[in-house]
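**Student:** coords below, sequence missing:
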C-alpha cells in the first residue's frame with residue numbers, strides 16, 4: 001500500500017508498506033526511512049527469471065527515498081530497500097501520478113511514468 005502515511009500498526013513505514021494476505025504488516029519489506037513525501041503509484045516487475053524479478057517501481061511527490069535523492073520515481077528491491085543499480089538522474093520535474101510496468105511484450109520490464 002502507498003500513500004501519505006508514516007506508520008502501519010504503529011510501525012514506521014513512511015508512505016509505503018507491504019501487507020501479507022492476512023492483513024499483517026510484512027516485516028521482510030522494510031523501506032527504512034522511506035519516501036520524504038507521498039507515494040501515489042506502484043508497479044511490480046514480473047517474475048520472469050530476470051534480475052528485476054519482483055522489484056517495485058514507485059512514483060509520487062517525493063524528492064528522496066531513504067535519504068537518497070530520487071525525484072518523483074524510484075525502484076525498490078524486493079525487500080523494500082532502494083535499488084541503487086537504478087539511477088534516474090535528476091528524475092522528473094513534478095509528481096508522478098501513475099506507473100505501469102510492461103509485462104508481456106518486446107518492452108517487457110520497462111516502465112512508463114505519468115504525471
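**Tutor:** Received it, and whenever you're ready, just let me know what you need. Note that the structure is predicted; figures quoted are calculated from it, not measured. Numbers count the residues shown, from 1 in each chain.

**Student:** What's the local residue count around residue 64?
**Tutor:** 16 (other C-beta atoms under 10 Å). Any C-beta I mention is one placed from the backbone N, CA and C, and that applies to glycine too.

**Student:** That one contacts residue 36, doesn't it?
**Tutor:** Yes - at 4.9 Å, residue 64 counts as touching residue 36 under the criterion of C-beta atoms under 8 Å.

**Student:** How many residues are close by residue 105?
**Tutor:** 8.

**Student:** Which secondary structure element is home to it?
**Tutor:** Using DSSP states H and E, residue 105 maps to neither a helix nor a strand.

**Student:** Would you mind measuring from it to residue 46?
**Tutor:** 11 Å (C-beta to C-beta, to the nearest Å).

**Student:** Next, the contact list for residue 29, please.
**Tutor:** Contacts for residue 29 (C-beta atoms under 8 Å, 6 or more residues apart in numbering) come out as 17-18, 78-80.

**Student:** one more time with 6 Å
**Tutor:** 18, 80 (C-beta atoms under 6 Å, 6 or more residues apart in numbering).

**Student:** Likewise for the one 4 residues further on?
**Tutor:** Under the criterion of C-beta under 6 Å, 6+ apart, the neighbours of residue 33 are 14, 66.

**Student:** Same question for residue 9.
**Tutor:** Contacts of residue 9 (C-beta under 6 Å, 6+ apart): residue 25.
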